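Undergrad: generate a structure from the sequence data that follows.
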Amino acid sequence: MIRVVGLTLISVKRRLLKTLEVTFQENEDPYSDDKIEEVENLVNHYFDNFNTHIPPLTSSLEVRGIIKKLFNRKPAVRDQIPNIALKYLPIKAITHLTKVYNRCLINCHFPTQ
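TA: Reported below is the predicted structural model:
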């Protein structure tokens with residue numbers, strides 16, 4: 001007979017069976033139909049009013065146009081990247097910036113730092 005840490009295989013099977021029976025047993029405690037209905041109404045209201053509208057996304061040309069309009073001598077506020085350096089970014093870098101901006105718009109995530 002196979003032993004698993006002092007238990008026979010049969011006793012392990014019985015314990016597993018008992019655990020599964022207890023886990024998937026119907027809840028005998030009384031429950032409130034009013035509370036269930038309240039939760040269902042809240043969930044339905046949430047999904048009925050869920051905004052799946054994606055805001056208009058930007059393009060690399062639009063980002064490049066905004067960068068071109070930046071003043072050369074205006075000091076950078078937070079990121080310490082001079083505007084003149086942004087103007088010399090290659091198109092591939094502007095494309096990556098555009099992807100980051102668009103992903104922020106889609107996820108409604110607007111970092112503060």
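
Undergrad: L70 touches I81, doesn't it?
TA: No: proximity of L70 to I81 does not meet the contact threshold set by Cβ atoms under 8 Å, at 10.6 Å. Any C-beta I mention is one placed from the backbone N, CA and C, and that applies to glycine too.

Undergrad: more neighbours, the two?
TA: For the pair L70 and I81, the greater number of neighbours falls to L70 (13 against 10), based on other Cβ atoms under 10 Å.

Undergrad: quick one: the residue lying closest to the more buried one once chain neighbours are set aside and H96, what's the gap?
TA: Counting by Cβ to Cβ, 6 or more residues apart in numbering, the nearest residue to L70 once its immediate chain neighbours are dropped is N83, at 4.2 Å. The spacing between N83 and H96, counted by Cβ to Cβ, to the nearest Å, is 18 Å.

Undergrad: equivalent analysis for P55, please.
TA: Between P55 and H96 the distance is 20 Å, computed by Cβ to Cβ.

Undergrad: between those two, which has more neighbouring residues?
TA: Set side by side, P55 and H96 show more neighbours around H96, with 13 against 10, by other Cβ under 10 Å.

Undergrad: any idea how far the more buried one is from E40?
TA: 44 Å.

Undergrad: could you do N107 as well?
TA: Taking Cβ to Cβ as the criterion, N107 is separated from E40 by 28 Å.

Undergrad: G65 now?
TA: 49 Å.

Undergrad: near the residue nearest to L70, how many other residues are there?
TA: A count of neighbours around N83, defined by other Cβ under 10 Å, yields 15.

Undergrad: alpha carbons of the helix or strand encompassing N41, as PDB, please.
TA: Secondary structure assigned from DSSP states H and E places N41 in helix 33-48. Extracted as PDB, the C-alpha positions of helix 33-48 are listed here (Å, rounded to 0.1, in the frame of the first residue of the first chain):
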ATOM      1  CA  ASP A  33     -33.300  38.400  -1.900                       C
ATOM      2  CA  ASP A  34     -33.400  42.200  -1.500                       C
ATOM      3  CA  LYS A  35     -29.600  42.400  -1.100                       C
ATOM      4  CA  ILE A  36     -29.100  40.200  -4.200                       C
ATOM      5  CA  GLU A  37     -31.400  42.400  -6.200                       C
ATOM      6  CA  GLU A  38     -29.700  45.500  -5.000                       C
ATOM      7  CA  VAL A  39     -26.300  44.200  -6.100                       C
ATOM      8  CA  GLU A  40     -27.700  43.100  -9.500                       C
ATOM      9  CA  ASN A  41     -29.200  46.600 -10.000                       C
ATOM     10  CA  LEU A  42     -25.900  48.200  -9.200                       C
ATOM     11  CA  VAL A  43     -23.900  46.000 -11.500                       C
ATOM     12  CA  ASN A  44     -26.500  46.500 -14.300                       C
ATOM     13  CA  HIS A  45     -26.400  50.200 -13.800                       C
ATOM     14  CA  TYR A  46     -22.600  50.200 -14.000                       C
ATOM     15  CA  PHE A  47     -22.500  48.300 -17.300                       C
ATOM     16  CA  ASP A  48     -25.400  50.200 -18.800                       C
END
